[in-house]
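Novice: sequence unavailable; structure follows:
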């Protein structure tokens, strides 16, 4: 409660300071300050831009850690990303989907160093040129790439110490001469982290009230991860109007997670009946490579044509081993092993054309095709007597193919104080899946094809030099992650399993927002969204008391939101950014019975930047996320506060940064999950309080860069998860 009150007080103070900036003298000061600073955040109607390098506390951080303290964003206990209270955000890397989802997306973002990132674009309702996926909006993570003439770049080193050590290091190089531009980005990250997880499960009789048994589950996880990422390419300026480029990417990731824990069965009075000791090891190995060919021709000031072709290959391997031991009379040793390799091949091609029309009108149109194939194996063994035996009830082989064709157009027009933009996107989706059976599981196959239209519209009215009103609306889709359609069983532990759902349907969302912008100081936004066939985690218990986690569709979700963001300059050396988002969320659906849920949610972010003389700077930033709701789960409030200082060295070519993240160690996640005739309290504590020192040195001359262009692949990559 004290954290909540403090954040509200900070927001109220910021709004009071906004009123002070309305005097002529303050306006003049603000204008001068904006031009002289590299602000960590820029707020625009429908878009927020996070400048990663300008945030001192981002030094040594991962991409996930930068996202979780960005305006309007919250992260669930499993790493799912929500924007303004709504899950299912489309994550793009340099304008292209991340090609993985679920826990694999979490792994990728935690392995990605903030030093590789230039800026992050957060868009609530993107235009028709973007893939229709992402009902909550789009987050585009732009990595560093320069087109400055000559040789330039930067090198960055960081060391962080929480309970365990972490290091993130990167090298960015660029060389442009004549008609050639070559670039290379390489990073190597090594991190050790822990998760201290406690869960208490209560079992009830059919009345849902009479307690029958307790399952006490303390677990401790240690994870070691090592990641190498590489991106390199060449651009060739054939003429002043035509540019072609080739880029290649690669990723190698090894992550080893070891855990120890107990499962303590107790009767209704809390007396221990038995204790099962569990030792587990989960090894993940990633290998991925990709190639991109891009072409851009500017015919004249009114016409432009761009093309992108992408090809990517992923191999994701997972090796599991479990040992469960029950001591005492009737005791046993139980051994389980799982090998879960997954191969993914993606091809995508995109063509865009832009044409200036009469007056200030502009038309853009495009076409995109994508083809995805996945090959997934789940091979489980258990030890019986003196040998290993295949567990045919869990073993399977899943094949999946998907094709998406898209056509889209967008028209922009300016007339006096009005700006109008309307777009329409058509997508045809076809997929086929085949689960290869065995002596226990039968072969099964399913396929589907469907067509959809996705309109978008934006209307802006400039009342005067200080007030701008914007109304936007659009329809979007989220398709299930590929492997979540696979009806296989994934072992979490002895008393918890995950099972895929072949009947998982896409969800469709209508988003509407009305915003008001006052100068560059304050943006207020009212929003409403409604989602049909809403994606949700669904949990139930089987006859043996084992929890089965799966995912499926609820009837609908409605979300009403109010967002207020301010960019203030209380003093010449101080910039302050505040954002508060209030959501009212309504859920309806059937699990084992009809259920409804309602909750008011709040998300607050704050970023203070202080610029002093002689190259010194400081930052105080933090976020607060209130109670959050899903149909079967409620999580308690959480948040953190970070502080950092920096100093420019070597004639401003280098910088040293020292920061302390989650300084009060408050980023603990707690909550309650409800099952049929059971519920489970959980608490997760991670290695979130970390002190980091980093050094960055800029290479070459600092010249004005040419405008960078974006590539284009589809939303299909977002949905991959073994």
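Specialist: Arrived safely, thanks for sending. Only a predicted model underlies this, so the values are computations on that prediction, with no experimental measurement involved. Numbering: from 1, shown residues only.

Novice: which parts of the helix or strand hosting residue 681 are buried?
Specialist: Using DSSP states H and E, residue 681 sits within strand 678-686. Buried residues in strand 678-686, counting neighbours by 16 or more other C-beta atoms under 10 Å, are found at 678-680, 682-684, 686. Just so you know, the C-beta spots here come from the backbone N, C-alpha and C atoms, and that holds for glycine as well.

Novice: any idea which of the residues you listed is closest to residue 487?
Specialist: Nearest to residue 487 out of the buried residues of strand 678-686 is residue 678 (C-beta to C-beta; 23.2 Å).

Novice: which residues touch the closest one?
Specialist: The contact partners of residue 678, taken as C-beta atoms under 8 Å, 6 or more residues apart in numbering, are 201-204, 541, 545, 547.

Novice: identify the farthest-apart pair in those residues.
Specialist: Greatest spacing in those, by C-beta to C-beta: 204 and 547 (14.0 Å).

Novice: the two: which is more packed in?
Specialist: residue 547 (21 against 17; other C-beta atoms under 10 Å).

Novice: right, and the more buried one touches residue 497 too?
Specialist: Yes: here residue 547 reaches residue 497: they are 7.4 Å apart, a contact under C-beta atoms under 8 Å.

Novice: run the angle between the helix or strand where residue 567 lies and strand 678-686 for me.
Specialist: Using DSSP H and E, residue 567 sits in strand 547-571. Here strand 547-571 runs at 40 degrees with respect to strand 678-686, directions being taken by axes from the mean of the first three to the mean of the last three C-alpha atoms, to 10 degrees.

Novice: beyond strand 547-571, next helix or strand please.
Specialist: Downstream of strand 547-571, the next assigned helix or strand under DSSP H and E is strand 574-590.

Novice: adjacent strands (with direction) for that following strand?
Specialist: strand 547-571 (antiparallel), strand 594-611 (antiparallel) (DSSP bridges).

Novice: I'd like the ones you listed as JSON lines, with mean pLDDT appended.
Specialist: JSON lines is the format used below for these (pLDDT from 0 to 100):
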{"stretch": "strand 547-571", "mean pLDDT": "92"}
{"stretch": "strand 594-611", "mean pLDDT": "92"}
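
Novice: nearest to residue 154, out of those?
Specialist: Nearest to residue 154, of these and by C-beta to C-beta, is strand 594-611 at 20.3 Å.

Novice: list of residues touching whichever helix or strand comes after the closest one?
Specialist: Sequence-wise, the next helix or strand downstream of strand 594-611 (DSSP H and E) is strand 616-625. With C-beta under 8 Å, 6+ apart as the test, strand 616-625 has contacts from 3-4, 7, 40, 55-57, 68-69, 74, 602-612, 637-648, 659.

Novice: make it 7 Å
Specialist: Contacts to strand 616-625, defined as C-beta atoms under 7 Å, 6 or more residues apart in numbering, come from residues 3-4, 7, 55-57, 69, 74, 603-611, 637-647.

Novice: with stretch 267-287 instead?
Specialist: For stretch 267-287, contacts defined as C-beta under 7 Å, 6+ apart pick out 107, 211-214, 251-266, 315-326, 493-494.

Novice: tell me which of those residues fall in strands.
Specialist: Under the assignment DSSP state E, these contribute 211-214, 251-266, 315-326, 493 to strands.

Novice: thought residue 108 was touching residue 98?
Specialist: Yes: counting by C-beta atoms under 7 Å, residue 108 sits close enough to residue 98 to count as a contact (6.3 Å).

Novice: please identify the buried residues of stretch 571-580?
Specialist: Residues of stretch 571-580 classed as buried: 573, 575-580 (neighbour count, 16+ other C-beta under 10 Å).

Novice: nope, stretch 543-559 is what I meant
Specialist: Buried residues in stretch 543-559 (16+ other C-beta under 10 Å): 545, 547-554, 556-557, 559.

Novice: then stretch 659-677?
Specialist: Neighbour-count burial for stretch 659-677, with 16+ other C-beta under 10 Å as criterion, is recorded at 659-663, 666-671, 673-677.

Novice: try stretch 683-697
Specialist: Within stretch 683-697, judged by 16+ other C-beta under 10 Å, the buried ones are 683-684, 686-690, 692, 694, 696.

Novice: ok, back up a step: show the buried residues in the ones in strands among the contacts of stretch 267-287.
Specialist: For those, buried by 16+ other C-beta under 10 Å: 214, 251, 253, 255-257, 259, 261, 263-266, 316-318, 320-322, 324, 493.

Novice: beta partners of the nearest residue to residue 681 once chain neighbours are set aside?
Specialist: Counting by C-beta to C-beta, 6 or more residues apart in numbering, residue 200 is the residue found nearest to residue 681 once chain neighbours are left out, at 4.7 Å. On the basis of DSSP bridges, residue 200 is bridged to residue 216, residue 681.
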